[in-house]
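*Asks:* dropping the sequence and predicted coords here.
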Amino acid sequence: MDTALVVGAGCSLPPGRYGYDPRRHRVHRLGRQPAGTPPGVTAELYVTARRTVSHYGHRAWPLLLLDTGHAAGALFLAARALGCHEPEILLEGMAESPLAAVRVFLPGRTHRPQVLSADAPTPEEILDRRSAPPPFPGTPNERALRAVLGSASHAGGGDLRWCAAVGPPRSGLIELAPDGTTLRRCAAGEARPTLAAWAAGQGWIAEAGAVLIARGCPTDADAPHIRRTHLRAGFAVHLAHLTARRHGLAARPVGSWQQADLGAALGAPPGQDWIVHGLALGTIHAEEENTA
């Protein structure tokens, strides 16, 4: 993934357009900023699909979109941690280049508010947010599941629906009720083994305490819709991962889904309700299980 910075007035860098070198953690000037660039800085995210396509084939494009959404989430949280209360997230999916952008305004500048999290993360929380190695069994409690579902639903936009597959004693799918504060069951039965099969055969998912699921993006969706839903799913799962960590959970994003038509499995018309992204959750970390 490549990042370009469009810098306006009032920043520590002179106004202009800059490229970012992640290996050296340095920027280099590319040219002048576009006309009308506001004060502050915009980080634009680009991808080079060739290398990923050579490894993942037809699965590459959804994975790249999800990764870009996660990168936007990381920038959003970093801006919040540094004191920017309302960074603007640009995930409309209308263009392939850049795929996404995060705009950080100067303090005091008025703009369209996009506050997605009441509590700004600390730098330590951001650095500590890592994908846990499986396995991590143990069903999260209702409070934690409600918080994770709420975080994802709030950040995911209107194109996605969110639910979580939980295991015994009441295996099934749960989701937030319309009041946004309670949970309700939307399907009964053990879903985690099926999710493991759909997730490129990752068997450990069948033993995870719960699996957060983003669903939507019908088969006939156009390119902007596909880009928007996958970018939003990656962004929302990134924020939900932080919420899970705040509740003491182990968590790991799950991005590889194959023939995962959840709607059809629940009796709805096929091709309308595909799984886009997921986040496996558990209460027992692998390191704790190995030392128990």
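*Replies:* Looks like it came in fine.

*Asks:* now do the strand ranked longest in the chain: which elements does it pack against?
*Replies:* Criterion DSSP state E: the longest strand present in the chain is strand 274-282. The contact analysis (3 or more Cβ pairs under 8 Å, 6 or more residues apart in numbering; DSSP states H and E) places strand 274-282 against helix 60-81, helix 142-155, helix 192-198, strand 210-216, helix 223-246, strand 250-254, helix 262-265. Where C-beta positions appear, they are placed from N, C-alpha and C, glycine not excepted.

*Asks:* residue 19: which of these is closest?
*Replies:* helix 60-81 (15.6 Å; Cβ to Cβ).

*Asks:* direction-wise, compare the closest one with strand 250-254 and give the angle.
*Replies:* Helix 60-81 and strand 250-254 are oriented at 140 degrees to each other (axes from the mean of the first three to the mean of the last three Cα atoms, to 10 degrees).

*Asks:* list the helices and strands the helix or strand just after helix 60-81 packs on?
*Replies:* Next helix or strand after helix 60-81 toward the C-terminus (DSSP states H and E): strand 88-90. Applying 3+ Cβ pairs under 8 Å, 6+ apart, one finds that strand 88-90 makes contact with strand 100-104.

*Asks:* what about the residue nearest to residue 79 when sequence neighbours are not counted, neighbour count?
*Replies:* What sits nearest to residue 79 in space, not counting adjacent residues and going by Cβ to Cβ, 6 or more residues apart in numbering, is residue 87, at 4.1 Å. The tally of other residues near residue 87 (other Cβ atoms under 10 Å) stands at 24.

*Asks:* my read: residue 87 touches residue 120, true?
*Replies:* No. With contact taken as Cβ atoms under 8 Å, residue 87 and residue 120 are classed as non-touching, separated by 10.8 Å.

*Asks:* overlap in contacts of those two?
*Replies:* Common neighbours of residue 87 and residue 120, counting by Cβ atoms under 8 Å, 6 or more residues apart in numbering, are residue 80.

*Asks:* which residues does stretch 243-254 contact?
*Replies:* 66, 70, 125, 128-129, 131-134, 136, 140, 143-144, 147-148, 150-151, 199, 202, 205, 209, 211, 237-238, 241, 277-286.

*Asks:* for residue 281, give me its contacts.
*Replies:* With contacts taken as Cβ under 8 Å, 6+ apart, residue 281 has the following neighbours: 136, 140, 144-145, 148, 164, 208-212, 244, 249-251.

*Asks:* separation between residue 259 and residue 65?
*Replies:* Noted for residue 259: a distance of 18 Å to residue 65, by Cβ to Cβ, to the nearest Å.

*Asks:* revised request: answer the last question for residue 46.
*Replies:* Applying Cβ to Cβ to residue 46 and residue 65 gives a distance of 12 Å.

*Asks:* who touches both of the two?
*Replies:* When contacts are counted by Cβ under 8 Å, 6+ apart, residue 46 and residue 65 have residue 99 as shared neighbours.

*Asks:* between the two, which has more neighbouring residues?
*Replies:* residue 65 (27 against 15).

*Asks:* so what's the residue nearest to that one when sequence neighbours are not counted up against?
*Replies:* Leaving out its chain neighbours, the residue that sits closest to residue 65 by Cβ to Cβ, 6+ apart is residue 230, at 3.5 Å. Applying Cβ under 8 Å, 6+ apart, we find residue 230 in contact with 62, 65, 66, 69, 217, 276, 277.
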